[in-house]
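In: Structure for the following, please:
(one chain, ligands or ions: 1)
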Amino acid sequence: MFDALKRLRRQRVLRKSALPDALWSDACRALPFLASYTPDELARLRDICVLFLDAKGIIGAQGHAVTPLQRTIIAIQACVLVLNLDLDLYEGFENIVVYPDEFIPDWEWEDEAGVVHRNDAPLAGEAMPRGPVVLSWRDIEASADWDRAQMNLVIHEFAHKIDMQDGDANGCPPLPGDMSGDAWRATMRGAYADFCKRVARGERTAIDPYAAESPGEFFAVLSEVFFAEPLLLRCSYPEVYREFARFYRQDPASRAAPSPAR
Ligand SMILES: [Zn+2]
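Out: Presented below is the predicted three-dimensional model:
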């Protein structure tokens, strides 16, 4: 019953709201990694973006005026993660706050153990547990083109949000019933230990060494790689790639692999 109501509500939103063609094309052009998506995937992504933008506020901070193009660019990258999942994974928060540049957070938050955290270093983005996603527009813009930046801020922060659906961002998101938590944790633990060892011995890793910060950051950084440079993840950590493909219900490396037929 609830699913039927949800479906009806979503159909109503899609009937009354739309992303204009020119705006959609401009936003897709700003995100080169979308070039390998099929027309069907892009059409579904566009619908999910409409639903996302209906459900979430994207609010400028420190005088930053968020343009329709900026809203769309943010929505697309957030929705790439849930292209084959349910948008409900983004339940529990209402807003995305966009600063013009890096920001120093003036908030404190308490983790599940009751420890209060405060961050006083400038940040490009932050996903707050049960709170908003906060982003720097300058860094969103700089990381839209993966080939240039080798990072993607929006995918990173929304991967944290998904991870936080079942508590802290610990690198283990809420898995569907057909996936084994033990297998996920064992795979991630092994890959994380290997990556930390490589970073510690000063190896120049193709994957951002920031992933060695914590299991939560490892999941968020590897999610960026999974969506924006999937062949790198499949080649570096094939077991992680397989778990991610099952979790996100996508196989982006098959999209990115050159097809011999073409
Ligand atoms: Zn992070």
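
In: Remind me what the helix or strand of the chain with the lowest mean pLDDT packs against, helices and strands.
Out: When the helices and strands of the chain are scored by mean pLDDT, DSSP states H and E, strand 108-110 comes last with a mean of 73. Strand 108-110 sits against strand 116-118, with contacts defined as 3 or more Cβ pairs under 8 Å, 6 or more residues apart in numbering; DSSP states H and E. C-beta here means a position set from N, CA and C on the backbone, and glycine is covered the same way.

In: Please enumerate residues in contact with the strand it packs on?
Out: Strand 116-118 is contacted from outside by Pro105, Trp107, Glu108, Trp109, Glu110, Asp111, using Cβ atoms under 8 Å, 6 or more residues apart in numbering.

In: Now render those as JSON lines, adding distance to Arg29 and neighbour count.
Out: Formatted as JSON lines, these follow (distance: Cβ to Cβ, whole Å; neighbours: other Cβ atoms under 10 Å):
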{"residue": "Pro105", "distance to Arg29": "32", "neighbour count": "16"}
{"residue": "Trp107", "distance to Arg29": "35", "neighbour count": "12"}
{"residue": "Glu108", "distance to Arg29": "40", "neighbour count": "9"}
{"residue": "Trp109", "distance to Arg29": "37", "neighbour count": "15"}
{"residue": "Glu110", "distance to Arg29": "42", "neighbour count": "10"}
{"residue": "Asp111", "distance to Arg29": "40", "neighbour count": "12"}
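
In: what does the stretch 151-262 of the chain have sitting close to the ion?
Out: Glu217, Ala220 (Cβ under 5 Å from the ion).

In: Helices of the stretch 151-262 of the chain, start to end?
Out: 153-163, 181-200, 215-228, 230-236, 238-248, 252-256 (DSSP state H, counting those that start in this stretch).

In: Comparing the ones you listed by mean pLDDT, which bottoms out?
Out: Mean pLDDT across these is lowest at helix 252-256; the value there is a mean of 87.

In: if we can go back for a sec, pairing partners for the least confident helix or strand of the chain, with directions?
Out: strand 116-118 (antiparallel) (DSSP bridges).
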